[in-house]
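Trainee: Compute the structure for the input listed below.
(one chain, ligands or ions: 2)
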Amino acid sequence: MSELPDLPPVRLYNSLTRGVEPLEPHAPGRVGIYTCGPTVYRYAHIGNLRSFLFADVLRRALEYLGYEVKHVKNITDVGHMRDDTFDTGEDRMELAAEVEGKTPEEIAQFYTDAWLEDEAAINILPVDVFPRATEHVGDMIELTRQLVERGLAYEVDGTVYFDVSAFPDYGKLSGQRLEQMRAGHRVEVESDKRDPEDFALWKRAGASRLMKWPSPWGDGFPGWHIECSAMSLAHLGEHVDIHTGGIDNKFPHHEDEIAQSEGALGHRVVSIWMHGEFLTLGDAKMAKSAGNIIRVTDLPEKGFEPLVFRYLALTAHYRSKLDFTADAMHAAASGLRRLRRATHPDDTSEVEGVELSEEPMAAYRQRFADAIADDLATPTALAVAHAVASADDLEPVERKALLLDFDRVLGLGLDEPPDDEADVGLPPGAEELLKRRGAARASKDFATSDALRDELAAMGVDVRDTADGQVPARRH
Ligand code: AMP
Ligand code: ZN
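Mentor: Numbering: from 1, shown residues only. Ligands and ions are numbered 1, 2, ... in the order given. All right, here's what the predicted structure looks like:
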């Protein structure tokens with residue numbers, strides 16, 4: 001490929017080496033990315049989506065810079081235990097099926113469809129392959145068999161465990177030593193393991209289990225970690241350039257994946273491990289178990305189009321925590337509106353006439369490319385977009401052409417008209433009144449709550465009380 005020498009160097013933070021390093025794809029110019037996908041037993045929340053969004057920006061950035069990308073994102077439709085650390089508890093899929101009175105397959109299909117719709121709503125591009133764990137059980141059994149053969153795994157009564165003491169590198173990703181991990185285990189939960197840190201590759205199926213497969217160790221089902229090893233090897237081969245996930249996947253999920261894949265193959269498999277930080281709500285991690293989840297589909301009734309969330313996510317670096325607040329969303333909405341206004345100038349000249357390789361356009365493109373190649377510095381990339389939006393040295397049509405070009409990475413739907421008419425932002429001070437009204441209602445002080453409702457109405461904000469709390473709407 002003649003254009004290869006021109007591919008700009010990309011630097012990414014590698015969780016494994018704890019430093020920023022150059023991306024050096026195994027096949028020059030072509031990058032294989034594996035992203036740990038959702039467990040489809042419930043709706044994805046915007047925290048989950050933040051981690052998928054960062055992988056989408058990574059893929060778009062590499063394509064923008066001229067790399068050819070193969071992106072694989074799995075769908076976990078079996079075997080994700082409730083308590084991953086101890087490999088105990090029930091399978092989340094089966095539990096959801098029981099609660100909702102459906103088969104595990106119906107549950108998986110329903111939540112997979114919902115997740116794909118949520119991803120589309122925030123312009124996450126479909127990846128090249130969406131492997132489902134249930135389609136790869138044969139590969140998982142084969143990998144488990146190889147690990148047993150290599151002396152890295154052992155069977156106890158139909159369940160196969162990985163023997164961490166046989167893999168000297170265990171702990172290299174999370175930076176933990178086996179002795180420390182063992183010391184953390186005060187209570188021995190499963191007595192048939194040789195070491196409390198050993199984890200299940202294959203589990204024996206109980207009598208009532210619905211999802212089970214025959215194997216050399218009897219009927220059973222795969223553990224969550226072996227699923228990602230098997231699917232990444234199946235679709236990307238023995239060398240995976242980049243593997244992404246949320247920060248909580250680092251341990252034990254990715255530590256175990258390294259042990260399995262590298263244990264079976266005898267060499268390094270993943271070059272760069274990338275982990276996205278959490279989205280928080282009032283400083284608590286957004287999680288179903290914490291009861292503080294928001295879905296993409298909840299955003300419109302809060303007055304925001306879903307892409308405002310994408311904009312919000314881009315304002316923070318993927319390795320920084322991001323707090324989801326109404327104020328931050330209002331700021332994101334106005335930032336998005338500003339970029340869209342610049343993409344819709346009164347002057348309707350055609351962007352096709354603009355030569356992006358000429359100055360001063362080329363210099364702006366270079367700044368944008370430098371930002372995304374620098375460990376995905378999306379806040380800087382957005383700042384370049386805003387600089388373009390108000391640049392004196394550019395014609396309106398040139399600003400538009402540049403912003404549409406940047407939108408290949410940003411994915412903000414900048415070709416959509418700005419929402420001037422439907423300005424959904426709340427006026428200054430309204431947030432504070434809503435907070436006070438929420439507190440008044442909680443303490444059943446209805447006189448104060450009514451007075452605050454009137455004050456809000458005077459500002460042009462109507463409040464509806466719902467089972468989920470107050471829903472403000474700005475009158476137009
Ligand atoms: P799950 O469907 O539970 O396997 O989660 C899907 C992805 O979402 C994983 O990569 C998690 O690390 C990630 N994740 C879960 N909660 C959050 C959060 N609050 N913020 C960002 N990512 C999250
Ligand atoms: Zn995974």
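
Trainee: Find the closest residue to ligand 1 in the protein.
Mentor: residue 246 (1.9 Å; Cβ to the nearest ligand atom). C-beta: built from backbone N, CA, C; applies to glycine.

Trainee: Test my guess that that residue contacts residue 285.
Mentor: No. In this structure residue 246 lies outside contact range of residue 285 using Cβ atoms under 8 Å: 9.8 Å.

Trainee: okay, and the common contacts of those two?
Mentor: Both residue 246 and residue 285 are in contact with 47, 278, where contact means Cβ atoms under 8 Å, 6 or more residues apart in numbering.

Trainee: tell me the contacts of the residue of the chain closest to ligand 1?
Mentor: Applying Cβ under 8 Å, 6+ apart, the residues contacting residue 246 are 36, 47, 48, 51, 275, 276, 278.

Trainee: Repeat the analysis, applying 10 Å as the threshold.
Mentor: By Cβ atoms under 10 Å, 6 or more residues apart in numbering, residue 246 lies in contact with 36, 47-48, 50-52, 54-55, 253, 275-279, 285.

Trainee: Need the per-residue pLDDT for the spatially most central residue of the chain.
Mentor: The residue lying closest to the centre of the chain (Cα atoms, centre = their mean) is residue 51, at 1.7 Å. Confidence at residue 51, expressed as pLDDT, is 98.

Trainee: gap between the helix or strand where it lies and the chain center?
Mentor: Per DSSP states H and E: residue 51 is located in helix 46-64. Remark: helix 46-64 is offset 7 Å from the chain centroid, using Cα atoms, centre = their mean, to the nearest Å.

Trainee: what's the angle from the helix or strand just after it to helix 46-64?
Mentor: Using DSSP H and E, the helix or strand that follows helix 46-64 in sequence is strand 68-73. Strand 68-73 and helix 46-64 meet at an angle of 160 degrees, taking axes from the mean of the first three to the mean of the last three Cα atoms, to 10 degrees as the criterion.

Trainee: Enumerate the residues of the stretch 151-300 of the chain near ligand 2.
Mentor: residue 228 (Cβ under 5 Å from the ion).

Trainee: what are the phi and psi values for residue 157?
Mentor: Main-chain torsions, residue 157, degrees, to the nearest 10: phi 50, psi 50.

Trainee: Next one: residue 409 from residue 49, what distance?
Mentor: Separation of residue 409 from residue 49 (Cβ to Cβ, to the nearest Å): 18 Å.

Trainee: again, but for residue 80
Mentor: 18 Å.

Trainee: Look at the two and report which has more neighbours.
Mentor: residue 49 (26 against 20; other Cβ atoms under 10 Å).

Trainee: Pull the contacting residues for the more buried one.
Mentor: Contacts of residue 49 (Cβ under 10 Å, 6+ apart): 38, 56, 115, 118-119, 121-122, 124, 279, 294-296, 306, 309-310, 313.

Trainee: how many neighbours does the residue in the stretch 301-450 of the chain that ligand 2 sits nearest to have?
Mentor: Proximity of the stretch 301-450 of the chain to ligand 2 (Cβ to the ion) peaks at residue 318, 17.4 Å away. Number of residues near residue 318 (other Cβ under 10 Å) recorded here: 25.

Trainee: thinking it is in contact with residue 381, fair?
Mentor: No. In this structure, residue 318 is not within contact of residue 381 by Cβ atoms under 10 Å, at 12.0 Å.

Trainee: which residues are common contacts for the two?
Mentor: residue 57.

Trainee: Put the alpha carbons of the helix holding residue 51 into CSV.
Mentor: Extracted C-alpha coordinates of helix 46-64, given in CSV (Å, rounded to 0.1, in the frame of the first residue of the first chain):
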residue,chain,number,x,y,z
ILE,A,46,-25.9,5.5,29.4
GLY,A,47,-22.9,4.4,31.5
ASN,A,48,-22.5,1.2,29.5
LEU,A,49,-23.0,3.3,26.4
ARG,A,50,-20.2,5.6,27.4
SER,A,51,-17.8,2.7,27.2
PHE,A,52,-19.1,1.6,23.8
LEU,A,53,-19.0,5.2,22.6
PHE,A,54,-15.3,5.5,23.4
ALA,A,55,-14.6,2.4,21.3
ASP,A,56,-16.7,3.9,18.5
VAL,A,57,-14.6,7.1,18.6
LEU,A,58,-11.5,5.0,18.5
ARG,A,59,-12.6,3.2,15.4
ARG,A,60,-13.8,6.4,13.7
ALA,A,61,-10.5,8.2,14.6
LEU,A,62,-8.4,5.4,13.2
GLU,A,63,-10.4,5.3,10.0
TYR,A,64,-10.2,9.1,9.7
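
Trainee: and it, anywhere near ligand 1?
Mentor: Yes. Counting by Cβ under 6 Å from any ligand atom, ligand 1 has neighbours in helix 46-64: 47, 48, 50, 51.

Trainee: Which of the residues you listed sits closest to residue 73?
Mentor: Of all those, residue 51 has the smallest distance to residue 73: 10.8 Å, by Cβ to Cβ.

Trainee: wait, that closest one sits on residue 285?
Mentor: No. If you go by Cβ under 10 Å, residue 51 and residue 285 don't touch, sitting 11.8 Å apart.

Trainee: hey, what's in contact with both of these two?
Mentor: In contact with both residue 51 and residue 285: 246, 247, 248, 278, 279, using Cβ under 10 Å, 6+ apart.

Trainee: Quick check: residue 192 vs residue 154, distance?
Mentor: Counting by Cβ to Cβ - residue 192 and residue 154 are separated by 10 Å.

Trainee: Please say which of those two ends up with more neighbours.
Mentor: Neighbour tally, residue 192 and residue 154, criterion other Cβ under 10 Å: the higher count belongs to residue 154, 17 against 9.

Trainee: Can you classify the more buried one as helix, strand or coil?
Mentor: When classified by DSSP: H, G, I helix; E, B strand; the rest coil, residue 154 comes out as strand.

Trainee: List the contacts of the residue of the stretch 101-250 of the chain found nearest ligand 2.
Mentor: Closest to ligand 2 within the stretch 101-250 of the chain is residue 228: 3.2 Å, counting by Cβ to the ion. Counting by Cβ under 10 Å, 6+ apart, residue 228 touches 34-37, 74, 76, 131, 133, 136, 140, 243, 245, 249, 253-254, 256-257, 260-261.
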